[in-house]
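Chemist: This is the structure alone, sequence omitted:
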């Protein structure tokens, strides 16, 4: 049994079919990549895995660590060890990055993090991501650039230490140096205790992350799966060669 199992998942958004029979296994210790053109359903899958209320599952099942989470509330999924890096992180005026993270760690772990140890770890983790220490006192994502928001998402990931992370286009809006820093932050977490499902358009993120498997999604279905060599093929040929022929 895989840590995360998705079986024959069908999803609609506003009554429009988006996912059309997705099945996938992801285990801790693995990096699994999903690629595909715009509108293929990648971000809908990420939202589904974290229990977005805008999603309607019409068929299929999601299990995590042997537990059926198909209808489980988002906060309970987080407490089980799932993490989602949002494609467009929201700003939270009046709540500092530091306070947000300390509250989040406490909520997920059910503990009250010691302030001194927490802030020491936060400072160390921010330094590893080359984030200005002043960001700790800024309101979460308020006035942040796109790249700063994504780096802050990875900061959350490193502080929360989930069992499995779903990274939805975490490279979007990042320059080359930032992509490398973010990728290295994710890569160093991969262990028997942590795995990641990485959703991306581009090869550049996967230049620094080594996926165990690559899955290509088009029109809400996986049309091809393979190893890292599939990334190079997509970069060279695009997605058209994988699109099914139009119906007769």
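Modeler: Looks like it arrived, so ask away. The model shown is predicted, which means the values in this text are computed figures rather than measured ones.
Chemist: Spatially central residue for the chain, please.
Modeler: residue 167 (1.6 Å; C-alpha atoms, centre = their mean).
Chemist: The one helix or strand that one maps to packs against which elements?
Modeler: Counting by DSSP states H and E, the element that carries residue 167 is strand 164-168. Judged by 3 or more C-beta pairs under 8 Å, 6 or more residues apart in numbering; DSSP states H and E, strand 164-168 is in contact with helix 42-49, strand 82-85, strand 195-200. Every residue, glycine included, has its C-beta placed from N, CA and C.
Chemist: separation between residue 222 and residue 144?
Modeler: As for residue 222, its distance to residue 144 is 34 Å (criterion: C-beta to C-beta, to the nearest Å).
Chemist: And for residue 173?
Modeler: 11 Å.
Chemist: now do residue 106
Modeler: In terms of C-beta to C-beta, residue 106 sits 23 Å off from residue 144.
Chemist: Which of the two has more residues huddled nearby?
Modeler: residue 144 (18 against 13; other C-beta atoms under 10 Å).
Chemist: Remind me which helix or strand the closest residue to that one other than its chain neighbours belongs to.
Modeler: Nearest residue to residue 144 in three dimensions, chain neighbours excluded: residue 152, at 6.7 Å (C-beta to C-beta, 6 or more residues apart in numbering). Assigned by DSSP H and E, residue 152 belongs to helix 146-160.
Chemist: got a list of contacts for stretch 111-125?
Modeler: 98, 101-102, 105-106, 133, 136, 155, 158-159 (C-beta atoms under 8 Å, 6 or more residues apart in numbering).
Chemist: Now do the buried residues in it.
Modeler: Within stretch 111-125, the residues that qualify as buried are 113, 118, 121-122, 125, counting by 16 or more other C-beta atoms under 10 Å.
Chemist: Closest to residue 11 out of those residues?
Modeler: Using C-beta to C-beta, residue 125 is the member of the buried residues of stretch 111-125 that sits closest to residue 11, with 34.2 Å.
Chemist: All the strands of the protein, residue numbers only.
Modeler: Listed in chain order, the strands of the chain (DSSP state E) span 4-13, 16-26, 31-35, 56-64, 67-68, 82-85, 92-96, 139-140, 164-168, 195-200, 213-218, 221-226.
Chemist: Counting by contacts, list what the longest one packs against.
Modeler: Counting contacts by 3+ C-beta pairs under 8 Å, 6+ apart, the secondary-structure elements packed against strand 16-26 are strand 4-13, helix 42-49, strand 56-64, strand 221-226.
Chemist: 7 Å instead?
Modeler: If contacts are counted by 3 or more C-beta pairs under 7 Å, 6 or more residues apart in numbering; DSSP states H and E, strand 16-26 sits against strand 4-13, helix 42-49, strand 221-226.
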